[in-house]
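K.L.:
I'll drop the sequence and a predicted model, then ask my questions.
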Amino acid sequence: MTDAAVPRGNGPAPTAPGRADVVVEIAVKDDPRLLAAIDSLAAQRRRPDRVLIAGSPKTPEALAASALSRQPSLKVELVRLEGGPVDARVKAMALLHEATTVFLDSDEVAPPEWLETIVAPIEGGAAVFSGGPTRPLRPPTHPIQRYMELVEESIYDDLVPRNIAYLPLGNSAWSTKVLKEFGFDARVTAEDHDLETRVVRAGLRGVFLPEAWVYHDKSLETSYRKWARKRYVWLFQMAVSLLKNGKIGERWRERRRRIRHPLYYVEALMKPIALVHARLRWSRVASQPEPP
């Protein structure tokens, strides 16, 4: 399928004088939780000027139609792009023209004050990117949900405050100028860690905002097989970024509390395999030029 933009909606939300315009981008393949994310954007005290849904050719027509018509007061656009969420973000870069770009995941729900909070450091010139943590949308009902809740607590309590390069891309805001200048390296699918590492290395500032939190809906995470595959892919992707940026040694030296959950030990067994896999992968692609 040819990449094709399908802009629809009911016109742009007004932008207050003296205030930069903001686009919220949501990458999605087939996730009905997208609708709740859109509802939360319509309820913001400061509403986005545009919502860009970076969809896949496999995004169901019914879901796409519901997303576009669900909140008539929002300007919502859908673009169908080949590949997964990372590919969508790479290809959607050309469609970003607002001063500030905010990323929200399709399984996240934002409280009303979120958008104005997360863009404030960028508009005030204090940082070129910012981001906040997640909170469970509802109490966990499955061991996988509880484990991922503990993982996210560790990320936002232990890692991100010490090293902003670990900030997940979902629930982050960016100066669009800086985002386009550095871009995503399509060779590295842990695109957030790679991007943030390069931006910080260049001397630019990112800030962690504990108050810019969003809810994370983990209700669909109930399959051990899907969890294992998803976590292995994440470990592999992160290892590739660490290898590219020369951060493997730094990663091993980091102090991080041990998560008290049986799945922690399953994941620990996957890590050395993922690292070997990543070394083989990076040795093949490192000689390829970095995309412009």
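P.N.:
Looks like it arrived, so ask away.

K.L.:
mind listing the helices for the stretch 1-150 of the chain?
P.N.:
For the stretch 1-150 of the chain, helices defined by DSSP state H, counting those that start in this stretch occupy the ranges 34-42, 61-69, 85-92, 114-123, 143-154.

K.L.:
quick one: average confidence on stretch 239-255?
P.N.:
Taken as a whole, stretch 239-255 has a mean pLDDT of 88.

K.L.:
any buried residues in that stretch, and which?
P.N.:
Judged by neighbour count (16 or more other C-beta atoms under 10 Å), stretch 239-255 contains these buried residues: 239-245, 247. (C-beta placed from N, C-alpha, C; glycine too.)

K.L.:
kindly report the same for stretch 274-284.
P.N.:
So for stretch 274-284, counting by 16+ other C-beta under 10 Å, buried means 274-275, 277-278, 281-282.

K.L.:
tell me where the longest helix sits in this structure.
P.N.:
helix 262-285 (DSSP state H).

K.L.:
mind exporting it as PDB, just the C-alpha atoms?
P.N.:
Taking Å, rounded to 0.1, in the frame of the first residue of the first chain, the C-alpha atoms of helix 262-285 are listed here in PDB:
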ATOM      1  CA  PRO A 262       8.700 -14.000  39.200                       C
ATOM      2  CA  LEU A 263       8.700 -12.500  35.800                       C
ATOM      3  CA  TYR A 264      11.700 -10.500  36.700                       C
ATOM      4  CA  TYR A 265      13.800 -13.700  36.700                       C
ATOM      5  CA  VAL A 266      12.300 -14.800  33.300                       C
ATOM      6  CA  GLU A 267      13.400 -11.400  31.900                       C
ATOM      7  CA  ALA A 268      16.800 -11.700  33.400                       C
ATOM      8  CA  LEU A 269      17.300 -15.000  31.500                       C
ATOM      9  CA  MET A 270      16.400 -13.200  28.200                       C
ATOM     10  CA  LYS A 271      18.900 -10.300  28.600                       C
ATOM     11  CA  PRO A 272      22.100 -12.100  27.700                       C
ATOM     12  CA  ILE A 273      20.500 -13.700  24.700                       C
ATOM     13  CA  ALA A 274      19.100 -10.300  23.600                       C
ATOM     14  CA  LEU A 275      22.500  -8.700  24.000                       C
ATOM     15  CA  VAL A 276      24.200 -11.300  21.800                       C
ATOM     16  CA  HIS A 277      21.400 -10.900  19.200                       C
ATOM     17  CA  ALA A 278      21.900  -7.100  19.300                       C
ATOM     18  CA  ARG A 279      25.600  -7.400  18.800                       C
ATOM     19  CA  LEU A 280      25.100  -9.600  15.700                       C
ATOM     20  CA  ARG A 281      22.500  -7.200  14.400                       C
ATOM     21  CA  TRP A 282      24.500  -4.000  15.000                       C
ATOM     22  CA  SER A 283      27.600  -5.500  13.400                       C
ATOM     23  CA  ARG A 284      25.600  -6.000  10.200                       C
ATOM     24  CA  VAL A 285      24.000  -2.500  10.100                       C
END
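
K.L.:
who does it touch, helix- and strand-wise?
P.N.:
Applying 3 or more C-beta pairs under 8 Å, 6 or more residues apart in numbering; DSSP states H and E, one finds that helix 262-285 contacts helix 143-154, helix 224-244.

K.L.:
possible to save the ones you listed as a markdown table with distance to Ser56?
P.N.:
As requested, the helices and strands packed on helix 262-285 are exported to a markdown table (distance: least, C-beta to C-beta, whole Å):
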| stretch | distance to Ser56 |
| --- | --- |
| helix 143-154 | 23 |
| helix 224-244 | 17 |
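
K.L.:
closest one to Arg46 among those helices?
P.N.:
Nearest to Arg46, of all the helices and strands packed on helix 262-285, is helix 143-154, at 25.4 Å by C-beta to C-beta.

K.L.:
counting by contacts, list what that closest one packs against.
P.N.:
Short answer (3+ C-beta pairs under 8 Å, 6+ apart): helix 143-154 packs on strand 134-136, helix 262-285.
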